[in-house]
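1. give me coordinates for this.
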Amino acid sequence: MIGSILGDIAGSRFEFSRPSNFNWQTEELFAPDCRYTDDTVMTVATKYAILMGHSYENAYRTFGKRYPNVGYGAMFQDWLHSSNRRPYQSCGNGAAMRAGVIGEYFDTLEEVERQAALSAQCTHNHPEGIKGAKAAAVGVFLARIGCSKKEIQRVIEKRYGYALKAPLVLRRPFSKVRLTCQATMPLAFRCFLESHDYESCIRNVFSCLCDTDTVGCIAGGFAEAFYHTTGFDNDRLLRRYLIKPLAVGKPDTVLYDWAVR
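-> Numbers count the residues shown, from 1 in each chain. The predicted structure follows:
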């Protein structure tokens, strides 16, 4: 989960633009203008739902309303503030960005898939949205239980039909920002598969023109589960970016508290 949050934060400043001198191999990962986005808020909300025994829908509404200005998509915004609780047939990558943490808390592939489907269905009930959530959670699960990268690739390709064989060197020239699960998931898996540690995974994300915070969140979750570390001072970074001082009163520590709980 920490890998997901830090991947979101690292990718946040390149979500829409890059400086002219951008170099993905040397660019600072955690800069002063990094921030957490909806990916982090919804990942924490998923963990909250699991640990508290709440529905995913109620958790997403609770955290979404507490943190309203973090980059939600238009359809999610409408759902969040509507009395109509029906899902909206989205195949957007928002279904997958929040599901990786599920792979940390359940002990069979079948239960991981069931929970991931539940997490998606309250909003992203398009078949591709549900599939993306399952793949994100199962990717973390397989990495956590010690599967090799070849095993992970084989399972993901077989169960979900994602084409993962094309290397990044062939993907980069044609990469562009795409917000669907079917575009996001193959890239996120490929960034992980070609990495040798957590940092190289996030740099692989930087190497492609993409929805960097969300791809970083998903791929970062795989990488942390596989390598068992991010190689960074997690607590220092989480405190730096998740705890926001207030003009009056105590700082808001809710995201941090649930991230490390």
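
2. so where's this protein shaky on pLDDT?
-> 246-248 (pLDDT under 70).

3. rerun that using 90 as the cut-off
-> 15-21, 82-85, 174, 176, 244-250 (pLDDT under 90).

4. show me the contacts for residue 126.
-> If you count contacts by CB atoms under 8 Å, 6 or more residues apart in numbering, residue 126 has them with 89, 90, 91. C-betas here are computed from N, CA, C, even on glycine.

5. so which of the residues you listed is the closest to residue 137?
-> Using CB to CB, residue 91 is the member of the contacts of residue 126 that lies nearest residue 137, at 16.6 Å.

6. what ranges does the stretch 51-200 of the chain have for its helices?
-> 56-66, 74-80, 94-97, 102-105, 109-121, 127-144, 149-160, 168-171, 181-193, 198-206 (DSSP state H, counting those that start in this stretch).

7. can you tell me which of the ones you listed is nearest to residue 48?
-> Shortest distance between residue 48 and the helices of the stretch 51-200 of the chain, using CB to CB, is found for helix 56-66: 5.0 Å.

8. remind me what that closest one packs against, helices and strands.
-> Packed against helix 56-66 by the contact rule (3 or more CB pairs under 8 Å, 6 or more residues apart in numbering; DSSP states H and E) you find helix 38-52, helix 74-80.

9. buried residues, the first one. List them.
-> Buried residues in helix 38-52, counting neighbours by 16 or more other CB atoms under 10 Å, are found at 38-50.

10. and these, which is closest to residue 232?
-> Minimum distance to residue 232 across the buried residues of helix 38-52 is 15.5 Å, recorded for residue 40 (CB to CB).

11. residues contacting that closest one?
-> Contact analysis of residue 40 by CB under 8 Å, 6+ apart lists 4, 5, 8, 9, 70, 217, 242, 255.

12. return the most buried member of the helices of the stretch 51-200 of the chain.
-> helix 94-97 (a mean of 31; mean count of other CB atoms under 10 Å).

13. measure how far it is from the centre of its chain, please.
-> For helix 94-97, the separation from the chain centroid amounts to 7 Å (computed by CA atoms, centre = their mean, to the nearest Å).

14. and it, what does it pack against?
-> helix 38-52, helix 127-144, helix 181-193, helix 212-227.

15. among those, which comes closest to residue 17?
-> Among the helices and strands packed on helix 94-97, helix 212-227 comes nearest to residue 17, with 10.4 Å by CB to CB.

16. so which bits of that closest one are buried?
-> Result for helix 212-227 [16+ other CB under 10 Å]: buried residues 212-227.

17. cool, and stretch 164-181?
-> Buried residues in stretch 164-181 (16+ other CB under 10 Å): 164, 168, 171, 180, 181.

18. so who does the last one touch?
-> Residue 181 makes contact with 91, 92, 93, 95, 96, 124, 128, 129, 131, 132, 133, 135, according to CB under 8 Å, 6+ apart.

19. turn those residues into TSV, columns for distance to residue 85.
-> Below are the contacts of residue 181 laid out as TSV (distance: CB to CB, whole Å):
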residue	distance to residue 85
91	20
92	18
93	22
95	17
96	21
124	14
128	21
129	17
131	23
132	21
133	18
135	26
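
20. residue 82: which of the helices and strands packed on helix 94-97 is closest?
-> Once those are compared by CB to CB, helix 38-52 is nearest, at 17.2 Å.

21. and the angle for the closest one with helix 56-66?
-> In terms of direction (axes from the mean of the first three to the mean of the last three CA atoms, to 10 degrees), helix 38-52 departs from helix 56-66 by 130 degrees.

22. no further questions, thank you.
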